[in-house]
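In: This is a predicted model, with the sequence first.
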Amino acid sequence: MSRVGKVPIKLPDGVEVTVAGRMVTVKGPKGRLEQPVSNDVKVEVADGMVRCTPAAETDTVAANWGLYRVLISNMVTGVSQGFTKNLEIVGVGYRAELKGTALALHVGYSHPVVVEPHDGITFGVQGPTKISVSGIDKQTVGQVAANIRGVRPPEPYKGKGIRYAGEHVRRKAGKAGAK
């Protein structure tokens, strides 16, 4: 039995969930998301709540039960509140700027690295070293943030690079020096 799957999802005001066959659609003030659901899980909407129930009692069905419950919960949160990932840039001369809707990163290369936003993703720059990635799809927001971090991941000696806000980078000692 899935402890996660048992918990019903409460629908906030303005959010509407419809189930058509194996497709779950969530509409809200920020947009619309769709997710296909496995045959192992039944999704029911009633009384402002979404409930997921398993079709059988096997380990894979229990895993899918919890998975689809969390995916639908993330869709409800996304269309009502949205998701944001914050990144920080550390390094002398490293900075970010918006060029239209694209993000230009100046992170030690001979040219700026330009990152174009995916559909439904918006970039924000709060100062030259703070970046925010926002959208309604949690998976896409996380993947775009990971792609930006991958342009110049933090290195362990000086800590320079792009990191998630609040991320701790383990530092290494450099050379011990001549004796």
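Out: Cool, the structure landed.

In: Please name the nearest non-neighbouring residue to residue 73.
Out: Taking CB to CB, 6 or more residues apart in numbering as the measure, residue 73 lies nearest to residue 9, with 5.0 Å between them; neighbours along the chain are not counted. To be clear about C-beta, it is placed using only N, CA and C from the backbone, and glycine gets the same treatment.

In: For burial, what's the neighbour tally of that neighbour?
Out: Using other CB atoms under 10 Å as the criterion, residue 9 is surrounded by 22 other residues.

In: domain parsing for this protein?
Out: In the domain annotation for the chain, the residue ranges read 3-80, 83-164 (automatic domain parsing).

In: Mind telling me which of these the model trusts least?
Out: Note on those: lowest mean pLDDT is at domain 3-80, with a mean of 89.

In: can you tell me how far residue 95 sits from residue 158?
Out: For residue 95, the distance to residue 158 equals 17 Å [CB to CB, to the nearest Å].

In: repeat for residue 101
Out: Distance from residue 101 to residue 158, counting by CB to CB: 32 Å.

In: cool, residue 147 as well?
Out: When residue 147 is compared with residue 158 (using CB to CB), they lie 23 Å apart.

In: Equivalent analysis for residue 49, please.
Out: For residue 49, the distance to residue 158 (CB to CB) stands at 51 Å.

In: and if you look at residue 41?
Out: 48 Å.

In: More neighbours: those two, which one.
Out: residue 41 (22 against 14).

In: and that one, backbone torsions?
Out: As for residue 41, its main-chain torsions (degrees, to the nearest 10) stand at phi -120, psi 140.

In: Now do the contacts for the residue nearest to it when sequence neighbours are not counted.
Out: In space, and not counting its chain neighbours, residue 41 is closest to residue 68: 4.7 Å by CB to CB, 6+ apart. Residue 68 makes contact with 5, 35, 37-38, 41, 43, 52 under the criterion CB atoms under 8 Å, 6 or more residues apart in numbering.

In: Would you indicate which residues of the helix or strand containing residue 68 are buried?
Out: Assigned by DSSP states H and E, residue 68 belongs to helix 59-80. For helix 59-80, a neighbour-count test (16 or more other CB atoms under 10 Å) marks 61-62, 64-80 as buried.
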